[in-house]
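> What would the 3D arrangement of this be:
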Amino acid sequence: MIRSRRTTSLAGLAIAALALTACSAGSLGSSDEGGGSDAVTLNFLVDNADQTVKTAEQLGKDFTAKNPGITIKVETRPAGSEGDNIVKTRLSTGDMSDVFAYNSGSLFQAIAPQKNLVAVGDQPFVGGLDDNFKSTVTAGDQVYGAPYGGFLAGAILYNKPLYAKLNLQVPKTWADFMANNAKIKAAGVAPVIQTYGETWTSQLFVLGDFHNVSAAEPDFADKYTKNQAKYGTSEAARKGFEHLQQVHDQGYVNKDFASAKMPDGLRLLAQGKGAHYPILSAVVSELVATYPAAARDVGLFAIPGDDAAKNGLTVWAPGGVYIPNSTTGAKLDAAKKFLGFVGSKEGCDSQAKAGAVTGPFAVKECKLPADVPQAVQDMQPYIDKEGSSSLALEFLSPVKGPSLEQITVEVGSGIRKAAAGASLYDEDVKKQAQQLGLEGW
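Numbers count the residues shown, from 1 in each chain. Alright, predicted model coming up:
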C-alpha cells in the first residue's frame, strides 16, 4: 500500500464528525419541469481536499443545469483514517448523505456494500464503464458505484528530450530498459531517480510491476490472498525486488538517493539531470505546476517486464460515487440519475472542466482533453488496448503489509538482498492477514 503526504492509501486516492462542513453547489433551480413540489436536494459527501471539492461542485452545477429540479449540496469530511471512520459510522447508523464519494477496491469492500449500499448494476451507465474499474466497485455480482476521477499509474516518468538526444526508444522489456540505463550513465546523467528521503516513493518497482506478475501468473492475487503464493517463492513477484537491487548495484541511481525527496526527484527529471523516475502518476500535477515545460518534456511508460508482447501498465482505479441504502423514494430516483451523470461522457467533461485531470477516465467513451500533460496522455493507449493494463494488487487482495516501504528502501540501498527483502515482506503481510482473519493464514 502506497502512502504519501497527500493520500493515506492509493486504493482510492485519499482517504470527528464535528469536522463536517457543508456548502451548496448547483443551485440553478428550485423546481423541475413538473413544478416546485417535485424539487429534490441531494447531499453529496466528499473528502475536503481542494480539488475534490472543486470537482464535486462542478458536477453538481452541471448536473443541475441538465436536471433543474435536483439540487446538489456538497458536504465535506476529513481525508484519511478520520474520514474513513466518519463514513463507516454514518453508514452503520443510517445517517449517511444521500450520495457519497469513497474509495474503490479493498476499502470499498470494507464498508460492507451488500449491506449498506444500493446496487446500480441495472442502470444504463454501467455498461459503459471500464472493466477494470467495474471490478473494483462490485460485490457479489452487483455493481455499486460510478467512477469519480481518473486512473493513476505506477509507472516510469522519463525525460523525452534526453531520450531524443541519445536516440533511445521506450523500452518494453527490462533488458531494454537496463540497456538504455547504460547509455544514459555513459552520457553523464543519472539513469534512475530514487528519493528515499520520502520512503513511500521507494515502492514503485515492486507495486508498479504487478501487471507483469499477473501476466506471468494470472491467479497470483487469488492465491496470495489464500496464502498459497508468496513474493519470496514466486519468481515473477520477486522480480520487483530484484529490479530495485539491480539499479542500485549497477550504479544507476542518483548520488543523493538516500536523502532526496520527491520534489528533488521531480527537479532532476524536469531538468534532464535524471532520466527515469519510477513513481505514481499522481505526482504529474505537481511536476507540471512547478516546471511547466514538463507538460511537454516528460513522458510515461509502463514498468517493463520480460515479455514485450505482454507489456502493460499497472493502474490504480479511481474512487467511486455510491448511494447508501438509507436513501429512498424521490431522493433514490434522483441519486440514480446523478450517478448516471457522473458515469457518462457529460460527467467526464464536467470533471475535466474542474481541472487537474490525472489520468484516463473509467468511462469507455470518454477521452482525455487535448491539453493534459504528455505523461497523462501516454497512459491512454494502455487503457484502450485490451490486456494492456492491470489493477494494482491492493485492488485485488486485502493482504498488505505496513513495512513495504522500509523494506524497499533497504533493498534499493544495497542494505538487504532482493530475495531476503521479498521473504521479509511475506512475514510482514502475514501479521496483517491474520489480523483480518483470512482463511489459510
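> quick one: low-confidence parts of the stretch 251-400 of the chain?
Judged against pLDDT under 70, the stretch 251-400 of the chain has no low-scoring part.
> Tell me where it has strands.
274-280, 298-302, 313-316, 319-322, 389-391 (DSSP state E, counting those that start in this stretch).
> ok, and what's touching the shortest one?
Spelled out, it's strand 389-391. Strand 389-391 is contacted from outside by 105, 132, 135-136, 151, 210-211, 214-215, 312-317, 382-383, using C-beta atoms under 8 Å, 6 or more residues apart in numbering. Any C-beta I mention is one placed from the backbone N, CA and C, and that applies to glycine too.
> Would you mind saying which of the strands of the stretch 251-400 of the chain lies nearest residue 410?
strand 274-280 (16.6 Å; C-beta to C-beta).
> CA-only coordinates of that closest one in CSV, if you can.
Coordinates of each C-alpha in strand 274-280 appear next as CSV, following Å, rounded to 0.1, in the frame of the first residue of the first chain:
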residue,chain,number,x,y,z
GLY,A,274,17.9,12.3,-14.2
ALA,A,275,16.3,10.2,-17.0
HIS,A,276,13.8,7.9,-15.3
TYR,A,277,11.7,8.3,-12.1
PRO,A,278,9.6,5.2,-11.1
ILE,A,279,6.7,6.8,-9.3
LEU,A,280,2.9,7.2,-9.1
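> Run the chain-centre distance for that strand.
17 Å (C-alpha atoms, centre = their mean, to the nearest Å).
> Same question for stretch 336-343.
21 Å.
> what are the C-alpha coordinates of that stretch, in CSV please?
Extracted C-alpha coordinates of stretch 336-343, given in CSV (Å, rounded to 0.1, in the frame of the first residue of the first chain):
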residue,chain,number,x,y,z
LYS,A,336,-29.5,7.1,-9.5
LYS,A,337,-29.9,9.9,-12.1
PHE,A,338,-26.9,11.7,-10.5
LEU,A,339,-24.7,8.5,-10.7
GLY,A,340,-25.7,8.1,-14.3
PHE,A,341,-24.5,11.6,-15.0
VAL,A,342,-21.2,11.0,-13.1
GLY,A,343,-20.6,7.8,-15.1
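> and for it, what are the contacting residues?
Against stretch 336-343 from outside (C-beta under 8 Å, 6+ apart): 42, 44, 59, 62-63, 66-67, 70, 72, 99, 118, 120, 123-126, 128-129, 145-148, 321, 323, 347, 350, 363.
> 7 Å instead?
42, 59, 63, 67, 99, 120, 123-125, 129, 146-148, 321, 323, 347, 363 (C-beta atoms under 7 Å, 6 or more residues apart in numbering).
> Any idea which of the strands of the stretch 251-400 of the chain gets closest to residue 112?
That would be strand 319-322 among these, by C-beta to C-beta, at 11.8 Å.
> buried set for stretch 137-156?
Across stretch 137-156, burial judged by 16 or more other C-beta atoms under 10 Å covers 137-139, 143-156.
> How about stretch 88-97?
For stretch 88-97, using 16+ other C-beta under 10 Å, the buried residues are 88, 90, 91, 96, 97.
> wait, the third one sits on residue 116?
If I follow you right, that is residue 91. Yes - Residue 91 is within contact range of residue 116, at 4.5 Å (criterion: C-beta atoms under 7 Å).
> which neighbours do the two share?
Joint contacts of residue 91 and residue 116 (C-beta under 7 Å, 6+ apart) are residue 324.
> which residues does residue 356 contact?
51, 285.
> Please report the distance of the most centrally placed residue in the chain from residue 393.
Centroid-nearest residue in the chain, with C-alpha atoms, centre = their mean: residue 316, separated by 3.1 Å. Look at residue 316 and residue 393: by C-beta to C-beta, to the nearest Å, they are 11 Å apart.
> circling back to that earlier point, which ones among the buried residues of stretch 88-97 map onto helices?
88, 90, 91 (DSSP state H).
> As TSV, those residues with pLDDT and distance to residue 290 would be great.
Output for those, formatted as TSV (pLDDT from 0 to 100; distance: C-beta to C-beta, whole Å):
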residue	pLDDT	distance to residue 290
88	96	36
90	97	37
91	98	39
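> Would you mind checking which of the buried residues of stretch 88-97 is nearest to residue 48?
Distances from residue 48 to the buried residues of stretch 88-97, taken by C-beta to C-beta, are shortest for residue 97, at 13.8 Å.
> what's the burial count for residue 113?
If you count neighbours by other C-beta atoms under 10 Å, residue 113 ends up with 24.
> where's it relative to residue 245, distance?
To residue 245, residue 113 is 40 Å away according to C-beta to C-beta.
> doesn't residue 75 make contact with residue 41?
No - applying C-beta under 7 Å as the test, residue 41 and residue 75 come out as separate, 11.6 Å apart.
> who has more neighbours, those two?
Using other C-beta under 10 Å as the criterion, residue 41 and residue 75 rank with residue 75 on top: 19 against 16.
> need the longest helix for this structure.
helix 418-436.
> Give the other helices and strands that that one contacts.
helix 235-249, helix 404-412 (3 or more C-beta pairs under 7 Å, 6 or more residues apart in numbering; DSSP states H and E).
> what's the closest non-adjacent residue to the residue nearest to the centre of the chain?
Spatially, and ignoring its direct neighbours in sequence, residue 316 is nearest to residue 152 (4.3 Å; C-beta to C-beta, 6 or more residues apart in numbering).
> Now do the same for that neighbour: its pLDDT.
You'll see residue 152 listed with a pLDDT of 97.
> Against residue 391, how distant is it?
Distance from residue 152 to residue 391, by C-beta to C-beta: 11 Å.
> Okay, now the unreliable bits of the stretch 101-250 of the chain?
Using pLDDT under 70, nothing in the stretch 101-250 of the chain is flagged.
> on that earlier part again, so the residue nearest to the centre of the chain touches residue 392, yeah?
Yes - judged on C-beta under 7 Å, residue 316 makes contact with residue 392 at a distance of 5.3 Å.
> Quick one: closest of the strands of the stretch 251-400 of the chain to residue 83.
strand 319-322 (11.7 Å).
> just checking, what packs against that closest one?
Using 3+ C-beta pairs under 7 Å, 6+ apart as the test, strand 319-322 ends up in contact with strand 99-102, strand 146-148.
> Report the distance from it to the chain centre.
13 Å.
> follow-up on the earlier one: is it possible to get JSON lines of the strands of the stretch 251-400 of the chain that adds distance to residue 435?
JSON lines is the format used below for the strands of the stretch 251-400 of the chain (distance: least, C-beta to C-beta, whole Å):
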{"stretch": "strand 274-280", "distance to residue 435": "26"}
{"stretch": "strand 298-302", "distance to residue 435": "33"}
{"stretch": "strand 313-316", "distance to residue 435": "24"}
{"stretch": "strand 319-322", "distance to residue 435": "24"}
{"stretch": "strand 389-391", "distance to residue 435": "23"}
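> looking at those strands, which is closest to residue 166?
Using C-beta to C-beta, the strands of the stretch 251-400 of the chain put strand 274-280 closest to residue 166, at 8.6 Å.
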